[in-house]
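S.K.: Sequence first, then the predicted structure, then my questions.
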Amino acid sequence: MGIPHNPVIRYNEEEIELAALLRAFSRSQVEFDGHALTQKGWPAMTPTLSTRLQPLSISVFSELNRRKRELLEQGQTFIDLSIGSPDLPPPAKVRKALSEAVQEPEHYGYGMHGQPTFHQAVAEFYASRYGVTLSPQTEVLQLMGSQDGLGHLAMALLNPGDIVLVPDPGYPIYSASVVIAGGELYPMPLREENRFLPNLDEIPQEIAHRAKMMILNYPSNPVTALADTQFFAQVVQFAQRYDILVVHDFAYSELVFDGLRPLSFLSVPGAREVGIEFNSLSKTFNMAGCRIGYAVGKKELLDPLALLKSHLDYGLFLPIQRAAEVALTTDLSLLADQVHVYERRRDTLVNALAQHGWTVNPPKATMFIWARLPNGHSSQKFALDLMEEAGVVVTPGYAFGPQGENHVRIALVQPEAVLAEAGQRMGDHLRRRG
Ligand SMILES: Cc1ncc(COP(=O)(O)O)c(C=O)c1O
């Protein structure tokens, strides 16, 4: 398999809007305050997109978003199951801690870096939840959401010609970050018959030798799969043999169902020498808007990202750090309650779809259903028609990579009654379409 020189990149909504903005900027005639400006000089300057960013301006979502906006303007309402932003609130203690912390006048300076108490809370959480021992001082790096770290890591590590092995389908920032950093992508297909694990034996040796990183994500978005110790042990061996940094995105570590347990990559023998892990408070504690996450692993492996970040930002708002500490050290039995909420939502939607003629695999983890479209429907067309005709918004699988085609991702971000209604509408829509 050749190396894709013109990778197909997929983006989330915010990234699409950014791309549209950048495209608008690169036109020869820029509108400013309603006036067309064509003269040289600020603010009529007309920067063009860098060659690197150009692939980012093409998107599967453009048509879907354009149509969604039009329909909203016409007054149509939707059940929106497209974005994985939790609808549940953070624990009450966390909200209380945040509101108290914002009252403190000394909390308004630059945060600069993670507070020692935050680092300590992450280390305790990792020890108790995943059996991984971390040095709070050197093996925890605070991030503005795990996206911050995942987005910047490639920039900190890649040189031209370096390859990154990414899952296909996979969460869009993995490929976008590599493109922005000027690296090359090598997609690893995730196939259902291989439990959505990449087949490492399929990776050609010359690719493996040029690869600098491998990105993995279990529990995975969008395919909802889990990894096991045996697979991670193979990854460790592969990484040792080819000198590759393994980057494990563990954002859904606490959304694992049916009594199964999450598996941290760092808990596998040898993994600490070859890999780092990203995690987040966004899904575990419903703090997505607070933008707080972290990377963990050996200091030497985290240092390049820490160095880049020391040039880019001044750290997190202190009250958010305080709220995150409270979340990580609170009574964690609430995590089990949350898992039950998602299990019930999953069952409700899977059953509603089945009753209306659409059988999908119930996920073992994450907040998504990864649903295969019968009869080879195009995911983009299906999602567009579903939105227009049934008023339900889902994400086309192609948005996560070519291997995601003929699937849609449905986010369990509404109460059960709404999901039951959505299931009925989706099933009926599919039946009408044949
Ligand atoms: C797989 C995965 N990783 C990372 C993120 C980023 O999460 P955050 O930046 O909020 O920590 C998301 C968000 O949806 C995700 O789905």
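M.R.: That came in fine, so what should we check first?

S.K.: which ones are touching Gly397?
M.R.: 169, 222, 370, 379, 404-409 (CB atoms under 8 Å, 6 or more residues apart in numbering). To be clear about C-beta, it is placed using only N, CA and C from the backbone, and glycine gets the same treatment.

S.K.: any chance of those residues in JSON lines, with secondary structure and neighbour count too?
M.R.: Supplementary listing: those in JSON lines, determined by DSSP: H, G, I helix; E, B strand; the rest coil; neighbours: other CB atoms under 10 Å:
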{"residue": "Pro169", "secondary structure": "coil", "neighbour count": "27"}
{"residue": "Pro222", "secondary structure": "coil", "neighbour count": "30"}
{"residue": "Trp370", "secondary structure": "strand", "neighbour count": "24"}
{"residue": "Ser379", "secondary structure": "helix", "neighbour count": "24"}
{"residue": "Gly404", "secondary structure": "helix", "neighbour count": "24"}
{"residue": "Glu405", "secondary structure": "coil", "neighbour count": "18"}
{"residue": "Asn406", "secondary structure": "coil", "neighbour count": "18"}
{"residue": "His407", "secondary structure": "strand", "neighbour count": "26"}
{"residue": "Val408", "secondary structure": "strand", "neighbour count": "29"}
{"residue": "Arg409", "secondary structure": "strand", "neighbour count": "27"}
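
S.K.: ok, the residues you listed vs the ligand, which is closest?
M.R.: If you rank those by distance to the ligand using CB to the nearest ligand atom, Pro222 comes first, at 8.3 Å.

S.K.: OK, contacts around that closest one?
M.R.: Shown here is Pro222, whose contacts under the criterion CB under 8 Å, 6+ apart are 169, 171, 368, 370, 395, 397, 400, 404, 407, 409.

S.K.: any weak-confidence spans in the stretch 1-150 of the chain?
M.R.: Applying pLDDT under 70 to the predicted model, the residue ranges of the stretch 1-150 of the chain that meet it are 1-46, 58-60.

S.K.: And the strands in it, which stretches?
M.R.: Per DSSP state E, counting those that start in this stretch, the stretch 1-150 of the chain has strands spanning 30-32, 35-37, 79-80, 140-143. These are given in chain order.

S.K.: Give me the contact list for the shortest one.
M.R.: Think strand 79-80. Outside strand 79-80, the residues that touch it by CB under 8 Å, 6+ apart are 391-393, 413-414, 418, 421-422, 425.

S.K.: Filter the residues you listed down to the ones in helices?
M.R.: Residues of the contacts of strand 79-80 located in helices (DSSP state H): 418, 421-422, 425.

S.K.: Check the residues you listed for burial and list the buried ones.
M.R.: Applying 16 or more other CB atoms under 10 Å to the ones in helices among the contacts of strand 79-80, the neighbour count classes 418, 422, 425 as buried.

S.K.: Report how many residues lie close to the residue lying closest to the first one once chain neighbours are set aside.
M.R.: In this case it means Val418. In space, Val418 comes closest to Ile79 once its chain neighbours are excluded; the distance is 5.9 Å by CB to CB, 6 or more residues apart in numbering. Ile79 is surrounded by 20 other residues when neighbours are defined as other CB atoms under 10 Å.

S.K.: Can you spell out which residues form a bridge with Ile79?
M.R.: Listed beta-bridge partners, Ile79: Val392 (assigned using DSSP bridges).

S.K.: Ala420 versus that one, what's the distance?
M.R.: According to CB to CB, to the nearest Å, Ile79 and Ala420 sit 11 Å apart.

S.K.: and for stretch 411-421, what are the contacting residues?
M.R.: Applying CB under 8 Å, 6+ apart, the contact partners of stretch 411-421 are 79-87, 342, 344-346, 348-349, 352, 367-369, 394-395, 422.

S.K.: Apply 6 Å and report the result again.
M.R.: Contacts made with stretch 411-421 from outside it, assessed by CB atoms under 6 Å, 6 or more residues apart in numbering, are listed as 79, 81, 84, 87, 342, 345, 348-349, 352, 367-368.

S.K.: Spell out whether that stretch and the ligand are in contact.
M.R.: No. Under the criterion of CB under 6 Å from any ligand atom, stretch 411-421 makes no contact with the ligand; the nearest approach is 9.4 Å.

S.K.: Need the mean per-residue confidence for that stretch.
M.R.: Average pLDDT, stretch 411-421: 98.

S.K.: Any buried residues in that stretch, and which?
M.R.: Judged by neighbour count using 16+ other CB under 10 Å, the buried positions of stretch 411-421 are 411-414, 416, 418-420.

S.K.: now swap in stretch 427-434 and tell me
M.R.: Of the residues in stretch 427-434, those buried under the neighbour-count criterion (16+ other CB under 10 Å) are 427, 429-430.

S.K.: so which of the ones in helices among the contacts of strand 79-80 would you say is closest to Val236?
M.R.: Within the set of the ones in helices among the contacts of strand 79-80, Ala422 lies nearest Val236; the separation is 40.9 Å, counting by CB to CB.

S.K.: List the residues that contact the closest one.
M.R.: 79, 392.

S.K.: And Ala123, by the same measure?
M.R.: When contacts are counted by CB under 6 Å, 6+ apart, Ala123 is found next to 134, 136.
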